[in-house]
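> structure here, sequence nowhere to be found:
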């Protein structure tokens, strides 16, 4: 009885999306045809995000199965759609987040500068340069003047921050599209070959990655650190064979759960932060070049207006050549400094995310990434 039941039990095959002939035959016809051909009917899993259920586009006997990850996720489940950040909920949350960050930064800078100014005034009072009454007057004047200036500049600062945020997000989606469609070839019509056995070998894969490797890399690049920390923490705590002890995934030895969480989350954050930090670096490099270009053009126009005599043109031309060389060299060094600074921020932010995951998986991860990024930025500024 048990043997006959096991013989008749079909092998479960898990795929994403729908078969390419679903429009012709429908799901029931596809399952019937698969059973008739001696194949097991597929179990369909619907993803939870825009890219979680790619269309396979395969027919007949050319079925393919996409393996789930070790934590039970659909590969690329965390990947966002190209315009998801413009949805009402995401737009409101991102606006509140950017506004809150800029207001808190403005207030913290104001109070920090106020403290420094008061210390200078106290030193002047101690040295006898001014009286305590004059010190109070200077402090009140500085507070009223600086507060008004910073409050007037705050709306413009928030607007620029929102533009920068959406520019970085749009570049992230663009880079993800390039990686998925043209480098790793896991998207669209090009990506269908990855799900067909032997098709990638026959047609050629430009990045020379295997099917599973390409999907795994794209999944790592689009992971959500917040959700990844929650999943990793839950899985490791379920795998504990002793109080706070698990088997390490790197060398197979026994290690603490906290250390294993930090190790895995550091790797996750390193991969997941590549595209966001690259997009932010691209925006900053663009702003830097635009600023240098605007300054150069304005200076060039002023020089042309102040040229008085033709005899001085040769000297001016020679001077312009030296200034242009110095200008290009300065731009090069600033660009290199910016690249090194953002690379260091990428590493430190990933380490901060790993540390935050140990303390509080989820929100601690996000906070650790932000603190690490700010810390590295303060070191290089």
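Sure, I can see it. From a predicted model like this one, the values you see are computed outputs, not experimental measurements.
> can you check the pLDDT for residue 23?
With respect to pLDDT, residue 23 scores 39.
> likewise for residue 244?
pLDDT at residue 244 comes out at 88.
> let me see the contact set for it.
256, 257, 258 (CB atoms under 8 Å, 6 or more residues apart in numbering). No exception for glycine: its C-beta is placed from N, CA and C like everyone else's.
> adding neighbour count, write those out as TSV.
Shown next, in TSV, are these (neighbours: other CB atoms under 10 Å):
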residue	neighbour count
256	14
257	18
258	16
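> which ones among those residues are found in strands?
Among these, the residues falling in strands (DSSP state E) are residue 256.
> just the contacts of residue 244 now: which is nearest residue 123?
Minimum distance to residue 123 across those is 46.9 Å, recorded for residue 258 (CB to CB).
> let me know the secondary structure of the nearest residue to that closest one once chain neighbours are set aside.
Excluding the flanking residues, the one nearest residue 258 by CB to CB, 6 or more residues apart in numbering is residue 358, at 4.8 Å. Following DSSP: H, G, I helix; E, B strand; the rest coil, the label given to residue 358 is helix.
> mind checking how far residue 117 is from residue 150?
Distance, residue 117 to residue 150, by CB to CB, to the nearest Å: 13 Å.
> what do you get for residue 164?
19 Å.
> just the contacts of residue 244 now: which is nearest residue 285?
The nearest one, if we look at the contacts of residue 244 relative to residue 285 and count by CB to CB, is residue 258, at 37.8 Å.
> residue 363 versus the closest one, what's the distance?
To residue 363, residue 258 is 17 Å away according to CB to CB.
> likewise for residue 339?
Residue 339 sits 30 Å away from residue 363, going by CB to CB.
> setting the sequence-adjacent residues aside, check what's closest to the residue positioned nearest the centre of the chain.
For the chain, the residue sitting closest to the mean C-alpha position, by CA atoms, centre = their mean, is residue 276 at 2.5 Å. Using CB to CB, 6+ apart and skipping the chain neighbours, the partner closest in space to residue 276 is residue 172 (5.8 Å).
> contact partners for the one you found?
By CB under 8 Å, 6+ apart, the contact list for residue 172 reads 275, 276, 279.
> the helix or strand harbouring residue 290 packs against which elements?
Residue 290 is located in helix 274-305, with elements delineated by DSSP states H and E. Packing contacts for helix 274-305, counted by 3 or more CB pairs under 8 Å, 6 or more residues apart in numbering; DSSP states H and E, involve helix 132-178, helix 313-359.
> domain-wise, how is the chain divided?
Domains of the chain are assigned by automatic domain parsing as 84-183, 223-381.
> any idea which of those domains is most buried?
domain 223-381 (a mean of 16; mean count of other CB atoms under 10 Å).
> measure it end to end?
29 Å (CA to CA, to the nearest Å).
> so what's the gap between that domain and the chain middle?
Distance of domain 223-381 from the chain centroid (CA atoms, centre = their mean, to the nearest Å) equals 10 Å.
> where in the stretch 101-250 of the chain is pLDDT low?
By pLDDT under 70, the low-scoring segments of the stretch 101-250 of the chain are 188-209.
> try 90 this time
Low-confidence segments of the stretch 101-250 of the chain (pLDDT under 90): 101, 105, 125-135, 184-216, 239-244, 248-250.
> tell me, how many residues neighbour residue 186?
25 (other CB atoms under 10 Å).
> tell me which of the domains of the chain lies nearest to residue 211.
For the domains of the chain, proximity to residue 211 was assessed by CB to CB; domain 84-183 is nearest, at 13.7 Å.
> start to end distance for the closest one?
23 Å.
> check stretch 235-252 too.
Taking CA to CA as the measure, stretch 235-252 stretches 16 Å from start to finish.
> swap in stretch 235-250?
First-to-last residue span, stretch 235-250, CA to CA: 16 Å.
> cool, stretch 169-185 as well?
Note: stretch 169-185 ends 22 Å apart using CA to CA.
> I'd like the contacts of residue 172 as JSON lines, with distance to residue 333 and pLDDT appended.
Below are the contacts of residue 172 laid out as JSON lines (distance: CB to CB, whole Å; pLDDT from 0 to 100):
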{"residue": "275", "distance to residue 333": "26", "pLDDT": "96"}
{"residue": "276", "distance to residue 333": "25", "pLDDT": "95"}
{"residue": "279", "distance to residue 333": "23", "pLDDT": "95"}
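> which of these sits closest to residue 351?
residue 276 (15.7 Å).
> if I look at the closest one, how far off is residue 141?
Using CB to CB, residue 276 is found at 43 Å from residue 141.
> cool, and residue 100?
Look at residue 100 and residue 141: by CB to CB, they are 30 Å apart.
> and for residue 150?
Going from residue 150 to residue 141 by CB to CB gives 15 Å.
> show me what contacts residue 230?
Going by CB under 8 Å, 6+ apart, residue 230 touches 361, 362.
> give me the phi and psi for it.
For residue 230, the backbone dihedrals (degrees, to the nearest 10) come out as phi -60, psi -40.
> and residue 78, helix, strand or coil?
Secondary structure state of residue 78, per three-state DSSP, is coil.
> where in the stretch 251-381 of the chain is pLDDT low?
251-253, 292-328, 374, 377-381.
> same thing but 50
Along the stretch 251-381 of the chain, the parts satisfying pLDDT under 50 run over 311-312.
> how near is residue 119 to residue 105?
21 Å.
> check residue 342 too.
Taken as CB to CB, the span from residue 342 to residue 105 is 19 Å.
> check what pLDDT residue 77 gets.
For residue 77, pLDDT reads 86.
> again, but for the one 5 residues further on
Looking at residue 82, its pLDDT stands at 85.
> helix or strand for it, just tell me which one.
Going by DSSP H and E, residue 82 is not in any helix or strand.
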